[in-house]
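Chemist: What follows is a predicted protein model with its sequence.
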Amino acid sequence: MTLIILPLPSARTYGSWIKIGKRKALIIATITLALVVEIDEDNKTVEDVRTCLGSVAPTPIEIKKIRKKVIGKNFSQLDFSQLGQIVEDKISPIDDIRGTKEYRKDVAKEIMINALEEIDAAWRSYK
């Protein structure tokens, strides 16, 4: 490989990455969430969204149902709790030394809500 091209996100793209783990220095996480939201040119409507989680299934996963629920909707009218519940319902974590499946489900919902709130604050400050 000699070249990798990564497109720059638009100025209307907002993101949040959250890692939950025992220590910040360890690479092993109890759960991770990456959320990227692109707002349309009207600066109100969600044009694209990606929600991915790690340590909640055998491999990292994208919660595609979030895309179906959010794209085309006004960002300020989204129900963050409902979207957090979708994340909780769509993951299949296991019990291990880092946490129980119940803990991971609860935390997944909460960090999704936190990520949406973080993006909402950034979006409102840009508006």
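Modeler: Perfect, I can see it now.
Chemist: The residue nearest the centre of the chain: which element?
Modeler: Geometric centre of the chain, nearest residue: residue 35, 3.0 Å, by C-alpha atoms, centre = their mean. Using DSSP states H and E, the element containing residue 35 is strand 31-39.
Chemist: Walk me through which strands that strand pairs with, and which way each runs.
Modeler: strand 13-20 (antiparallel), strand 46-54 (antiparallel) (DSSP bridges).
Chemist: tell me the mean pLDDT for the helix or strand that the last one is followed by?
Modeler: By that I understand strand 46-54. Counting by DSSP H and E, the element after strand 46-54 in chain order, helix or strand, is strand 61-62. Regarding strand 61-62, the rounded mean pLDDT is 98.
Chemist: other SSEs contacting strand 61-62?
Modeler: strand 46-54 (3 or more C-beta pairs under 8 Å, 6 or more residues apart in numbering; DSSP states H and E). Just so you know, the C-beta spots here come from the backbone N, C-alpha and C atoms, and that holds for glycine as well.
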